[in-house]
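**Student:** Here is my input, please return the structure:
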Amino acid sequence: MIERMKWLINKLNEANHAYYNLNKPIMTDQEYDKLYDELLELEQKTGIVLSNSPTQNVGCEVVSKLNKVEHEIPLLSLNKTKNIYILKQFIGDRECVLSLKCDGLTTKLEYKNGELFRASTRGNGKVGEDITHNVRTYRNVPLRINDDLVVVGESIITYDDFEKINETLEEKYSNPRNLASGSVRQLDSKICAERNVRFLAFGLQNSTFSKKSDDLNYLQSLGFEVVPYYIVNKDNVEECIDKLKQIAEEKGIPIDGLVCTYNDNDYANSLGATSKHPKHSLAFKFDDEVYETRFIGVEANTTRTGMISLTGIFEPVDIDGVMVSRASLHNVDFFEWLKLGKGDIIKVRRSGMVIPQILDNLTKSNTIKLPDKCPVCGSKAVIKTQKEARFLYCPNDDCEAKLIKKIVHFVSRDAMNIVGLSEATIEKFVEMGFINSVVDLYSLEQHKNKIVKLNGFGVKSFNKLIQSIENSKTVNFANFIYALGIKNVGLTTAKTLAKHFDKDSLPKVTQRDLLKIGDIGEVVANSVVQWFANEKNMQLYRDLINIGFSFKIQEVKDSPIAGKVFVITGSVEKFKNRKELQKLIEELGGKVSSSVSKTTDYLINNDVNSSSSKNVAAKKLGVPIISEDQFLDMIKNN
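**Tutor:** The predicted structure follows:
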């Protein structure tokens, strides 16, 4: 049943993306409604609602600070070993669960009356931070289940997502764990929502099951994604270690070892704990093999944000069956500490079995100097300090590397969705002088005679490209805003901006205007205002607008509910489903959120006397609870 729900969610979300973002429906309204109603029925039947379900509209929230949360049951760290003999000694003659030790942020989820009540970080084990507003945006966390539980797991960002997200950030993170930690601690949940943080459950507090494997199976049945694991004994543990390493690499899950826990819950709990570690589990840390090789040189690359990334090149070395010859040098401080020179003997490893790292330089000849120029435009490089580390930047706004990355972003699927322009093609067009700005994309036709002669191009592919460019002139205003590449403005924030401003009012927006919108915080507001305050950006914006785009914007009618925040719960009678009611509210300028908070204006529930968690929260906060009939009375003149 859960697998069917997940399939329905993926199919419906795919249909929503095709309809709203691409303007290319992949199913009829009748087909969509049939699948939607099936999903709704399954959610009501099971009592389980996943956070990425289209039946939900998880509003993003801005908090002023992260409140402290005291853990009734301490979240202790684990004792650890790198010795396989000690691991086998720990297992003894017992059955254990061996699972990935994910390298992220330990997170606790609390469910009351079946609703996600609170989420918090591990902190120091006794006191953590409240991150409920961010966890509600995770795509794989159930918002509602048919049980009251305390679930413990890890908030992670996969390596693939880390590379994609880090490329868009001006302030870079050195690894997925730091990015996950930084994302989960954001005060503005919109930022976290755009970073695809995932929760992998690894435990259940106060379990009533006899085995830990039963805990994990039960969590899976409720819709949680659980950490990959095997049931092991001392005879098969080494084989399972290799299998789990492979799973982590294939799925891009950052890990820093494995966790071995006794499967018998009664026995495990009877062991108690020291002041620091529970005795039921042991972390097995990888003794990463370190290899020596010869350093060759440094490669510099300029990104869209202007940061010049540094990569160390060395003679290839085989690490666990993978030939490794490159590793990031992270930042200026790390580069200077290594004191690199051609021919130096360096130590390298693959951290967590995935990312190559240079650990040390044994000879430190210090003959390779830090690049002082942008490798693309030749401008004198500058050093900026971000997050207490120094990075190299190109100050030239007209740098070709920045231009190429900006165009790649502009034509991407979630932006202008111009098909047929790979990064290699864009580089070629920039090199040949066809494109000096994203505006020039809309005059590529004048270069037809030269483009059709290029390798890989012909008249047919050229015509397809021109048609795709022409199609992009009819675009959702939200996608256009996202395409501009404003710092900290992802697609979700762009949609919020598109709801409140049009092409004429957006450039004139003030920080005060933006902060009036509940979903936008100071960081995003500053980014938007500063972007439009830059004259070069404004000229680009004017040039793009003059092309003559046809922006698709959902019209908001004047109504008594404009700007009001609603939460819908329970069954509906006057509408086909809750989605239809939600659609009407949004058409009339209202907003629908998934949870009751102090910003909620009305809770719509036909059973006003229900003891559901949403009714309880509404009464506690003084939020009016109204029926569908009362709601219809409010809007009867619209």
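**Student:** Longest helix in the protein, please.
**Tutor:** As assigned by DSSP state H, the longest helix anywhere in the chain is helix 29-46.
**Student:** Next secondary structure after that helix?
**Tutor:** Where DSSP states H and E defines the elements, the next helix or strand beyond helix 29-46 is strand 49-50.
**Student:** Need the contact partners of that next one.
**Tutor:** The contact list for strand 49-50, computed with Cβ atoms under 8 Å, 6 or more residues apart in numbering, reads 5-6, 9, 43, 55-56, 140-145, 223. (Glycine included, C-beta is placed from N, CA and C.)
**Student:** and with 6 Å instead?
**Tutor:** 43, 142-144, 223 (Cβ atoms under 6 Å, 6 or more residues apart in numbering).
**Student:** Any buried residues in the longest helix of the chain, and which?
**Tutor:** Of the residues in helix 29-46, 32, 35-36, 39-40, 42-43, 46 count as buried by neighbour count, 16 or more other Cβ atoms under 10 Å.
**Student:** quick one: which two of these are the most distant?
**Tutor:** Tyr32 and Thr46 (21.2 Å; Cβ to Cβ).
**Student:** before we move on, back to that, just checking, what packs against the longest helix of the chain?
**Tutor:** Judged by 3 or more Cβ pairs under 6 Å, 6 or more residues apart in numbering; DSSP states H and E, helix 29-46 is in contact with helix 2-16.
**Student:** what's the helix it packs on packed up against?
**Tutor:** helix 29-46.
**Student:** now the angle between helix 2-16 and the worst-scoring helix or strand of the chain on mean pLDDT, please.
**Tutor:** The weakest-scoring helix or strand in the chain, judged by mean pLDDT, DSSP states H and E, is helix 29-46 (a mean of 77). For helix 29-46 against helix 2-16, the angle by axes from the mean of the first three to the mean of the last three Cα atoms, to 10 degrees is 150 degrees.
**Student:** Without its sequence neighbours, what residue ends up closest to Leu216?
**Tutor:** Spatial nearest neighbour of Leu216, excluding adjacent residues (Cβ to Cβ, 6 or more residues apart in numbering): Val226 at 4.8 Å.
**Student:** Repeat that for Phe631.
**Tutor:** Spatial nearest neighbour of Phe631, excluding adjacent residues (Cβ to Cβ, 6+ apart): Ile604 at 5.6 Å.
**Student:** from memory that neighbour sits against Ile568, does it?
**Tutor:** Yes: Ile604 is within contact range of Ile568, at 4.8 Å (criterion: Cβ atoms under 6 Å).
**Student:** I'd like the distance between the closest residue to Leu329 other than its chain neighbours and His409.
**Tutor:** In space, and not counting its chain neighbours, Leu329 is closest to Leu310: 4.0 Å by Cβ to Cβ, 6+ apart. Per Cβ to Cβ, to the nearest Å, Leu310 is found 22 Å from His409.
**Student:** how about the CA coordinates for stretch 408-428, as CSV?
**Tutor:** The C-alpha coordinates for stretch 408-428 follow below in CSV (Å, rounded to 0.1, in the frame of the first residue of the first chain):
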residue,chain,number,x,y,z
VAL,A,408,23.4,27.4,-18.5
HIS,A,409,21.2,28.3,-15.6
PHE,A,410,19.0,30.6,-17.7
VAL,A,411,18.2,27.8,-20.2
SER,A,412,17.7,25.0,-17.6
ARG,A,413,14.4,23.2,-17.3
ASP,A,414,13.2,25.0,-14.2
ALA,A,415,14.1,28.3,-15.7
MET,A,416,13.4,29.1,-19.4
ASN,A,417,13.5,25.4,-20.5
ILE,A,418,15.3,26.0,-23.7
VAL,A,419,16.1,22.5,-25.1
GLY,A,420,19.1,21.9,-27.3
LEU,A,421,21.7,24.1,-25.6
SER,A,422,24.2,22.0,-23.7
GLU,A,423,27.0,23.7,-21.8
ALA,A,424,29.5,22.6,-24.6
THR,A,425,27.3,24.3,-27.2
ILE,A,426,27.0,27.4,-25.1
GLU,A,427,30.7,27.6,-24.8
LYS,A,428,31.1,27.3,-28.5
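**Student:** what does that stretch rub up against?
**Tutor:** Residues outside stretch 408-428 that contact it (Cβ under 6 Å, 6+ apart) are 404, 407, 438, 464-465, 468-469, 472, 479, 482-483, 485, 491.
**Student:** which parts of it are buried?
**Tutor:** 408-411, 414-418, 421, 425-428.
**Student:** same deal with stretch 188-206?
**Tutor:** So stretch 188-206, judged by 16+ other Cβ under 10 Å, has buried residues 188-204.
**Student:** for stretch 584-593, same thing?
**Tutor:** For stretch 584-593, by 16+ other Cβ under 10 Å, it's 584-586, 588-593.
**Student:** how long is that stretch end to end?
**Tutor:** 14 Å (Cα to Cα, to the nearest Å).
**Student:** Likewise for stretch 201-208?
**Tutor:** So stretch 201-208: terminal residues 17 Å apart, Cα to Cα.
**Student:** just how off-centre is that stretch within its chain?
**Tutor:** 26 Å (Cα atoms, centre = their mean, to the nearest Å).
**Student:** Need the contact partners of it.
**Tutor:** So stretch 201-208 is in contact with 73, 150-153, 215, 219, 224, 226-227, 265, going by Cβ under 6 Å, 6+ apart.
**Student:** what pLDDT, on average, does that stretch get?
**Tutor:** Stretch 201-208 comes out with an average pLDDT of 92.
**Student:** if I look at Glu31, how far off is Leu12?
**Tutor:** 10 Å.
**Student:** swap that for Ile313, please
**Tutor:** 46 Å.
**Student:** picking up where we left off before, any chance of the buried residues of stretch 584-593 in JSON lines, plus secondary structure, pLDDT and distance to Phe286?
**Tutor:** Conversion of the buried residues of stretch 584-593 to JSON lines gives the following (DSSP: H, G, I helix; E, B strand; the rest coil; pLDDT from 0 to 100; distance: Cβ to Cβ, whole Å):
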{"residue": "Leu584", "secondary structure": "helix", "pLDDT": "84", "distance to Phe286": "55"}
{"residue": "Ile585", "secondary structure": "helix", "pLDDT": "85", "distance to Phe286": "52"}
{"residue": "Glu586", "secondary structure": "helix", "pLDDT": "74", "distance to Phe286": "50"}
{"residue": "Leu588", "secondary structure": "coil", "pLDDT": "81", "distance to Phe286": "57"}
{"residue": "Gly589", "secondary structure": "coil", "pLDDT": "76", "distance to Phe286": "55"}
{"residue": "Gly590", "secondary structure": "coil", "pLDDT": "80", "distance to Phe286": "52"}
{"residue": "Lys591", "secondary structure": "strand", "pLDDT": "80", "distance to Phe286": "48"}
{"residue": "Val592", "secondary structure": "strand", "pLDDT": "81", "distance to Phe286": "47"}
{"residue": "Ser593", "secondary structure": "strand", "pLDDT": "78", "distance to Phe286": "43"}
